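[1] Here's my sequence, what's the structure:
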Amino acid sequence: MVMAVVCASQHVDLELLKAATKAKVVQLAAEHEFKGRFPDCETGAMPPFGNLYGMRVFADEALSRDKEIAFNAGSHRELLRLAWEDFERLVEPKVIKLATTKQAAEAA
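    Predicted coordinates:
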């Protein structure tokens with residue numbers, strides 16, 4: 001299991017992720033498959049620190065063009081903002097083209 005980080009207005013392009021990971025099969029995990037990996041977080045509010053949970057992290061290149069990244073802090077009530085360069089230093093994500101717009105994903 002890996003973590004893919006994209007803008008909220010985007011979707012993960014599974015074909016791009018498949019190519020980046022060199023996996024034979026890539027699919028989104030169902031809630032019951034990942035829920036236990038984040039015992040200190042509310043489901044759906046996990047921060048993009050997959051490295052703290054034993055997962056490789058892939059981040060969409062568009063995120064690296066912003067000065068900051070904002071994300072849930074383990075709950076649906078708390079939000080953190082962090083300088084992109086600090087996020088990149090702490091998480092060491094593989095930055096790749098990873099996202100597609102929601103409209104393009106829905107049309108497919």
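[2] how close does the residue lying closest to residue 20 once chain neighbours are set aside get to residue 37?
    Spatial nearest neighbour of residue 20, excluding adjacent residues (C-beta to C-beta, 6 or more residues apart in numbering): residue 96 at 5.0 Å. The way it works is simple: take the backbone N, C-alpha and C, and place the C-beta from them, glycine included. Residue 96 is 22 Å from residue 37, where distance means C-beta to C-beta, to the nearest Å.
[3] for the residue nearest to residue 20, what are its contacts?
    By C-beta atoms under 8 Å, 6 or more residues apart in numbering, residue 96 lies in contact with 16, 20, 58-61.
[4] again with residue 59
    4-6, 48, 88, 91, 93-96, 98.
[5] how does it look with 6 Å?
    In this structure, residue 59 makes contact with 5, 93, 95, judged by C-beta atoms under 6 Å, 6 or more residues apart in numbering.
[6] hey, where'd the helices end up in this structure?
    Remark: helices assigned in the chain by DSSP state H are 14-21, 31-34, 84-91, 102-107.
[7] Would you confirm that residue 16 contacts residue 98?
    Yes - proximity of residue 16 to residue 98 meets the contact threshold set by C-beta atoms under 6 Å, at 5.4 Å.
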